[in-house]
Structure formats: structure tokens, C-alpha cells
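Colleague: what's the 3D shape of this:
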Amino acid sequence: MKSIKDLENLTGKKVLVRVDFNVPMKDDKILDDFRIQKSLPTIEYLHKKGAIVIILAHLGEDGKRSLAPIATRLKKFLPDLIFLDQPILSDKTEDAIKVLKKGSIVLLANIRTEEGEKKNAPSFARALSRYGEIYVNDAFSVSHRTHASIVGITKYLKGYAGLQMMKEITSLEKAFNPNHPFIFILGGAKFETKIPLVKKFLRSADNVFIGGALANDFFKVKGYEVGQSLTDEGNFQIPSLMKNKNLLLPIDVEVTDGSKKRICKSTEVTGNETIVDVGPETLKMLEGLVEKASFVLWNGPLGKYEDGFGSGTEKLIKIIAKAKTDSVIGGGDTVSMISKIKLESSLGFVSTGGGATLDFLAKGTLAGIKVLK
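Modeller: Presented below is the predicted three-dimensional model:
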């Protein structure tokens, strides 16, 4: 797979760059611009080489949101940015692109407003490709999607990987041949998407720790009371997984019952309570493992981060940062916490991906990566 570093003579060339600007928003305000920041090196590299950079991005699932707040934030880093907030496939957009000069940077409208995007429609991919001479994918976090701007467009333009895309691949590949001791920490929910990773890394990691809502499923199988806690009804062969001595679960947990909160052993949850985070003894156990580890791979928060129970996740971030252990961390909520407490520079590698990171770790590739090879 070739990266943009392999490109020569970019002066005046129109380069379509797919990025992921699907950032957390509230009332049209950006809560975390981590993904925007990570796209800048690729955009700036192409700009310095004299290319005409045409940025393709989405915001939200349905394409109804405007990229205007994104454009405003981008202009802080790229003052000369042109935002074409109009239909992508239109004479108006085509005319605007035709007159662009070398070094121009343009952001097109939310690509998911176009029906052919999520359908990977060949007609849309072909029409989109006519705006450029070269295609660059720097959107690792959506490269597990078979969309027109990720996969279909490569049938009509030669594709290259952006700088962040290359970093994601080389960093995540460490998990396939890790230094030992190697600890894998998995949190969050959605067991169905994460069970392949549990099975995979139980074979290669020295320890696999299960936290977040995923742990509740294991507690339930062990016969522990989980009260009102979130569980998954699927059949994930948990009894066979628990036979592995490398598998670790929280020793203690934080629980709530209405406005009441308490810390208790994992075996002492009552029927009215909800497990919301890991407890101090669990964090102490993880600290001991992290301090001895040569490599830590972590995906997903340890508690109900979205409901304000991020203490365990925050403390584990600080533990890993302090240990200076080689680490790779992913998952949207985990990354948001890292950005919030400004510790990214003290960690190994922080992935922009959520589902894409999980898919890459499970399969070793993604739909958007395959088509660049």
C-alpha cells in the first residue's frame, strides 16, 4: 500500500481527501476535535506540496447535519479554507472546483447528504471521482464501511493512504506480534462486536481484563447478582472463555440504587443496584499489571462513561501514562476522556477509531484498506 509520501509532483493536482470529521457535538458546538486535529498533518502535507486539496467528510449518520461548525473550527488551523456548503454533485460545485488554484483547500458539504454514499453506488463514486486526479484515504475510523467515498471511488482514482491512516495501521499491528508481558483491556458494551477480540487475545495476551458492561455478562454466568445492570442476551460461549486462567474480571465495582452509590465486591451486588464502574481494588490490580507490562492494548471505557461514571477510566489512563508502558488505546469514549484530561502526549498511540479499531484488530484489515493495496 502506498502513502502520500510516495506521491511526486503534486503541484496543481486535485487531490480528494477522505477524512472523518464525525466529532462529538452538542447544540452545534464541537465537544472534542481530536479527529479534526489528527487529519491536519495530511491536509497540510498536501497543501505544502502545492496540491489542490478537496476534503470529503461526514457528520452524523443520516447526513442531515451541516459541516458549518467543522468548517469554522478548521479555519482556525487553515485560514484560507473554502467551504462549499451546497450540493456536492451540482453545477455550482463543479464550477467552483474548476477555477481552484494550486494550494487551495476546499471542504465539500456533508457527503452523507448524497444518497449514493452509504449505498456505495457506482454512479455516485464515478461522479465524485471526476473532481479529483488522486484519492487519499485518511479516514481510518470509517474505513470499515463499504461506502462510495471509502471503497467505490478507488475504482476510478488511484488511492493512497494518508499520514494518520499509516500511523493507525503500523501502531495497531503491534498487537499482532506484541512484546510481553502483554495485557489486553476491553471495556464498553456491544459484546457481539467484541467477542472475536476476547477469543483472539486470550491466545496471545498474558492477561485479558474484561470491564465495562461486558463484565456483567461474565458475572451473570458465574451466578453473581447483577441487579439492573446492562447485559447482553446473546450466546457468546462465556463458560468456555472463563476456563482460561488469563481472563480477569473486576474484583470490586461501584453501584447505584437511585441516588445512593457505594463500592462493593463483585459478588455483593443486590437486585436493585446497577453496576456503573470498577472499584479501587480492581484499579490497584490493573496498576500492578500495567507496571509490569511491556505492551498494553485497551479499547472501551471501564464504566458508564455516558452517564458520568468515568472515574475508573480516567484513573486507568493516568496509570498507563505514569507507567510509560508502550500502549495502544482506542474507543470513542476512552479517547474523549484522554482529550479531556490532556494526556495523549504521555501515552503510546491513541487511535481515532471505535468500531474500525475493533474490526482491524479482529481481522487485520478493513474494507477501505484492502482497496488501497
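Colleague: rest of the way, CA atoms for contacts and neighbours
Modeller: OK.
Colleague: thought Val253 was touching Glu273?
Modeller: No: Val253 is beyond contact range of Glu273, at 11.1 Å (criterion: C-alpha atoms under 8 Å).
Colleague: who has more neighbours, these two?
Modeller: More crowded of Val253 and Glu273, by other C-alpha atoms under 10 Å: Val253, with 25 against 20.
Colleague: State the distance from that one to Asp6.
Modeller: The gap separating Val253 from Asp6 is 50 Å, by C-alpha to C-alpha, to the nearest Å.
Colleague: Kindly report the same for Lys26.
Modeller: 39 Å.
Colleague: can you give me the end-to-end distance of stretch 136-149?
Modeller: Start-to-end, stretch 136-149 (C-alpha to C-alpha) is 10 Å.
Colleague: the strands in the stretch 151-300 of the chain, which residues?
Modeller: 159-161, 182-186, 207-210, 247-248, 252-257, 260-265, 274-278, 295-299 (DSSP state E, counting those that start in this stretch).
Colleague: quick one: buried residues of the helix or strand hosting Glu314?
Modeller: For Glu314, the element it lies in under DSSP states H and E is helix 311-323. Buried residues in helix 311-323, counting neighbours by 16 or more other C-alpha atoms under 10 Å, are found at Ser311, Gly312, Thr313, Glu314, Leu316, Ile317, Lys318, Ile319, Ile320, Ala321, Ala323.
Colleague: can you check stretch 130-144 too?
Modeller: 131-132, 134-144.
Colleague: Just the ones in helices from those residues, please.
Modeller: Assignment to helices by DSSP state H places none of those there.
Colleague: Out of those, list just those in strands.
Modeller: The strands, defined by DSSP state E, take in Ile134, Tyr135, Val136, Asn137 from the buried residues of stretch 130-144.
Colleague: Save these as a markdown table, and put in pLDDT and distance to Leu197 too.
Modeller: Compiled in a markdown table, those are given as follows (pLDDT from 0 to 100; distance: C-alpha to C-alpha, whole Å):
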| residue | pLDDT | distance to Leu197 |
| --- | --- | --- |
| Ile134 | 98 | 35 |
| Tyr135 | 98 | 32 |
| Val136 | 98 | 29 |
| Asn137 | 98 | 25 |
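Colleague: could the residues you listed be laid out in a markdown table, adding distance to Arg203?
Modeller: Compiled in a markdown table, those are given as follows (distance: C-alpha to C-alpha, whole Å):
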| residue | distance to Arg203 |
| --- | --- |
| Ile134 | 41 |
| Tyr135 | 38 |
| Val136 | 35 |
| Asn137 | 32 |
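Colleague: mind listing what Tyr305 touches?
Modeller: Asp333 (C-alpha atoms under 8 Å, 6 or more residues apart in numbering).
Colleague: Much appreciated, bye for now.
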